[in-house]
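Novice: sequence first, then the predicted structure, then my questions.
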Amino acid sequence: MKVQVAPKKQLTGKIEPFDSFWEAPEDIERGYATFGQFYEHNYLKYIPQDRQSRILVISCGPGYFLNLLTRKGYSAVLGIDSYPRKVAYATSRGLNCVVAHAFDFLQETNTPFDVIFVEQEINHLTKDEILIFLRLCWENLRDGGTLLVHSLNGGNPITGAEALAQNFDHYNTFTEYSLRQVLEYCNFQDIKVIPLNLYVFYTNPLNYVAMALHKVNTLIFRFNFKLYGKFNRIFTKKIAAICRKSQGKVAGVIEAGHHRFDGRR
């Protein structure tokens, strides 16, 4: 059995740590189809058309997003995950993955990426860790490079509070506003916050029933939020943000614990 190397940067989450993927179904093989369809519908349009783009997938697990990108002809894709068994499952399918802890990898790599895709929810990080992580992503993107992150949606009146409480390693949730807020603070630009659509299984008739009910709920939620002077627009279970690295230096300094990042490469 392989021994897992301890990370240099110790994160708060210990039960379901951020730098590994925890949403794979019990039937791991089945997830390549289901997650692949979800990713293709929600994310693929935001990946550059250039099949030579250097893409890093953080917390890749058994490689669901990597598998989709490889099938679509992307040839310079790398996945990292801190659990050797998950990486072994991905590499057994011929996917380019290595065992690595996210923070350590981002601090030690030297070649910038065109795209960084984060397969784990950033809710598994504390607020200080999120700021450090986003800054490390900024440092590891080329100018104009794309970052894709996703989060539990704290604005959903049905799932928001439960999603925060149901996992010991969930430390926060985001809304469209707060996700945009933290990315702007970390000097990303062209920020687009999107709903993540769960209803992408179009061969299943119940999929369309769920879509219709979700639309009704969204109208009801928007109306009730406006009664209280709130203007939330996105009420999906999860939300994602697509943003780009701005040109030039990062404004300000982010400090957390003993880690200091001041904009110098």
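Specialist: Received it, and whenever you're ready, just let me know what you need. Numbering: from 1, shown residues only.
Novice: what is the rounded mean pLDDT of the longest strand along the chain?
Specialist: Looking across the chain with DSSP state E, the single longest strand is strand 141-152. Averaged across strand 141-152, pLDDT comes to 97.
Novice: listing partners with orientation, what would you give for it?
Specialist: In the sheet, strand 141-152 lines up against strand 113-118 (parallel), strand 238-245 (antiparallel) (DSSP bridges).
Novice: buried sites along the last one?
Specialist: Read it as strand 238-245. 238-245 (16 or more other CB atoms under 10 Å). C-beta: built from backbone N, CA, C; applies to glycine.
Novice: adding distance to residue 47 and pLDDT, write these out as JSON lines.
Specialist: Formatted as JSON lines, the buried residues of strand 238-245 follow (distance: CB to CB, whole Å; pLDDT from 0 to 100):
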{"residue": "238", "distance to residue 47": "19", "pLDDT": "97"}
{"residue": "239", "distance to residue 47": "18", "pLDDT": "98"}
{"residue": "240", "distance to residue 47": "13", "pLDDT": "98"}
{"residue": "241", "distance to residue 47": "15", "pLDDT": "98"}
{"residue": "242", "distance to residue 47": "10", "pLDDT": "98"}
{"residue": "243", "distance to residue 47": "14", "pLDDT": "98"}
{"residue": "244", "distance to residue 47": "13", "pLDDT": "97"}
{"residue": "245", "distance to residue 47": "15", "pLDDT": "95"}
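Novice: and which of these is nearest residue 208?
Specialist: Using CB to CB, residue 238 comes nearest to residue 208 of the buried residues of strand 238-245, at 20.5 Å.
Novice: can you pull out the helices in the stretch 101-250 of the chain?
Specialist: 102-108, 127-139, 160-165, 176-185, 205-227 (DSSP state H, counting those that start in this stretch).
Novice: assign a three-state SS to residue 6, would you?
Specialist: State at residue 6, reduced to three classes by DSSP: H, G, I helix; E, B strand; the rest coil: coil.
Novice: from residue 20, how far out is it?
Specialist: Distance of residue 6 to residue 20, computed by CB to CB, to the nearest Å: 14 Å.
Novice: who has more neighbours, these two?
Specialist: residue 20 (25 against 9; other CB atoms under 10 Å).
Novice: low-confidence ranges in this structure?
Specialist: 1-5, 247-265 (pLDDT under 70).
Novice: in stretch 77-87, which residues are buried?
Specialist: 77-83, 86-87.
Novice: coming back round to it: now do the buried residues in the longest strand of the chain.
Specialist: 141, 145-152.
Novice: how far is stretch 159-179 from where the chain is centred?
Specialist: The chain centre lies 14 Å from the centre of stretch 159-179; the measure is CA atoms, centre = their mean, to the nearest Å.
Novice: if we can go back for a sec, switch the buried residues of strand 141-152 over to JSON lines; also include distance to residue 36.
Specialist: Output for these, formatted as JSON lines (distance: CB to CB, whole Å):
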{"residue": "141", "distance to residue 36": "25"}
{"residue": "145", "distance to residue 36": "24"}
{"residue": "146", "distance to residue 36": "20"}
{"residue": "147", "distance to residue 36": "21"}
{"residue": "148", "distance to residue 36": "16"}
{"residue": "149", "distance to residue 36": "19"}
{"residue": "150", "distance to residue 36": "16"}
{"residue": "151", "distance to residue 36": "21"}
{"residue": "152", "distance to residue 36": "22"}
